Each structure stands twice: as C-alpha cells, then as structure tokens.
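[1] could you look at this predicted model? Sequence included:
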Amino acid sequence: MYEIRTEDILRAQNDDKDAMSNIIETNSGLLWSIVKRFLGRGYDAEELYQIACIGFIKSIKRFDVTLNVKISTYAVPYIMGEIKRFIRDNGPIKISRSLKELSSKIKETQREYLCKKGEDISISQIANILKVSKEEIAMAMESERPLESIDEESYNNDSNGETKISKISNGKDEAAILIDKMCVNSLIKELNTREQQIILLRYYRGRTQTEVAKMLGVTQVQISRIEKKILQNMKEKISYDELKTKI
C-alpha cells in the first residue's frame, strides 16, 4: 500500500491543492476498497467515493507527522466514519444531534488515545474524559451500528435470495404479537436510563451479560441482578394489567 511522504502531507496541510489531489489520486485504491464495503445499500458508488474523499482529506489535515503510525492506518477510521455518518444521516432513522456530537467526540477520543498509547481506550476512561455517564457513551457507540434493511436479500444456502421481510410471517397471531410488543415497549419507557440501556443491549442488540458489563463498566453479576429485577417487575406489571382487563 502506498505510503505518503511527510513533505507531501505537510504541503497538503498547508492548503496545497495539487499536493492534496495527488495524495487522493495515488490512494484511490485504498478509498475504493473501503467504499466497496458499503455498496448495495441504495447509494451510488461514485457518491460514496466522494464522501470517502472527504474523510480522507480530514485525516490528512489532522494527521500529526510526528506520530509513529502509518497514515493509511490513521486514515481508515476517518474514511469509514465519514461514510457511516453519511448513510446514517440519510437513512430512515434519524439520530439526535446531541448523540451525533457525542459519538463524534468519542471517536476522536478513541483515535487520539490509540495513537498515543497504542491500545484501545475503555468506556470508563472515555466517560471520565468527556464528563458524561458510561450509559450515554454506550448508547452513542451503539447508534453507530449499521441498520439491517428488511428488504435486503439473504443469500444463505437455502434462501434463494429471499428477503428478510418475506420470512417474517410464521402463521402466528401477528396482531397479538404486535400488541405484546407495544406493551413491552411501553414498560421499557418507564425504566431509567441504565435499565433501558441494559434491555436494549441484551434483547435488541443481542449482547451477552459479560459484554454489557464491559460496556457499562460494571460486573457481570451486577448486570445479571439488575436484569433479573427488571424482568420480574415487567412480568408483574403485565400480569396486573391483564387482570384489570378481565375485571
């Protein structure tokens, strides 16, 4: 992979357009290799390439030539982050501005820490640096996860390109299932921030108790205890509501 000379980076950082253009052109292979990971989501390849270039330019502008790290290694998170942000901002589900800003600060903190220490930073450390709760950090990080489209084709060995939505119907009483989900969603809204985050990660993101504990900076035993209490309270409320409807 082509590595950029320090003098070329410095020229580009000093607004030398020719230097920046040459760097982009020479590294177009790197940019396209990342763009290809995001094809098939309804966006034009050339459009995604232009977004990738924006991320690449940002990485060049912010790169510290004194760091003992390759520019390609430093640039990849910027390029991918720019494309993900574009897809997210133009997607069907909008993320709040405050969550976007926090997510951006988190990524910048992660990059700086990685460059300085050569290792990943923990959620607790990020929370201390940014002066926010660990739950908010975890929620912002989860907002970065790409959404799966129900119209996306699933090419398993026996799927024959069948879409996810075509597999949803299973012959059950879907109206009753929908009502149950609405009831559960209503109960989740009554939980506090930490409890909501645990339920989100465990039952909507498929994370294990150990993974959730690591994200929130607590022990697996604590997550297990909190989760058990949440589910018990929800069961009791559901039973009480069902009883009221029968009276």
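    Arrived safely, thanks for sending.
[2] can you give me the strands for the chain?
    153-154, 162-163 (DSSP state E).
[3] tell me which helix or strand in this protein has the weakest average pLDDT.
    When the helices and strands of the chain are scored by mean pLDDT, DSSP states H and E, strand 153-154 comes last with a mean of 43.
[4] residue 136 against residue 102, yeah?
    Yes. The criterion here is C-beta atoms under 8 Å, and residue 136 meets it with residue 102 at 6.6 Å. Where you see a C-beta, it was placed from the backbone N, CA and C, and this is true even at glycine.
[5] so for these two, which sits in the more crowded spot?
    Neighbours were counted for residue 136 and for residue 102 using other C-beta atoms under 10 Å; residue 102 has more, 20 against 17.
[6] any idea of the pLDDT on that one?
    pLDDT for residue 102: 88.
[7] now it. Nearest residue, chain neighbours left out?
    Excluding its sequence neighbours, the residue lying closest to residue 102 (C-beta to C-beta, 6 or more residues apart in numbering) is residue 140, at 4.4 Å.
[8] tell me the contacts of the one you found?
    99, 102-103, 106 (C-beta atoms under 8 Å, 6 or more residues apart in numbering).
[9] change it to 10 Å
    Residues in contact with residue 140 (C-beta atoms under 10 Å, 6 or more residues apart in numbering) are 95-96, 98-107, 126, 130, 132.
[10] related to what we said a few turns ago, any shared contact partners between residue 136 and residue 102?
    With C-beta under 10 Å, 6+ apart, residue 136 and residue 102 have common neighbours residue 130.
[11] distance of residue 45 relative to residue 35?
    Look at residue 45 and residue 35: by C-beta to C-beta, to the nearest Å, they are 6 Å apart.
[12] what's the distance between residue 206 and residue 219?
    Applying C-beta to C-beta, the value for residue 206 to residue 219 is 20 Å.
[13] so for the two, which residue has more residues nearby?
    More crowded of residue 206 and residue 219, by other C-beta under 10 Å: residue 219, with 13 against 8.
[14] what sits against the residue nearest to that one when sequence neighbours are not counted?
    Excluding its sequence neighbours, the residue lying closest to residue 219 (C-beta to C-beta, 6+ apart) is residue 213, at 5.7 Å. Residue 213 sits next to 198, 207, 219-224 when contact means C-beta under 10 Å, 6+ apart.
[15] residue ranges with poor pLDDT in the chain?
    Applying pLDDT under 70 to the chain picks out residues 1-3, 89-96, 142-186, 237-247.
[16] go again using 50 as the cut-off
    1-2, 92-93, 147-179, 240-247 (pLDDT under 50).
[17] domain assignment for it?
    Domain assignment of the chain by automatic domain parsing yields the ranges 6-132, 168-246.
[18] which stretch among the ones you listed is buried most, on average?
    Using mean count of other C-beta atoms under 10 Å, the stretch among the domains of the chain with the largest mean neighbour count is domain 6-132, at a mean of 15.
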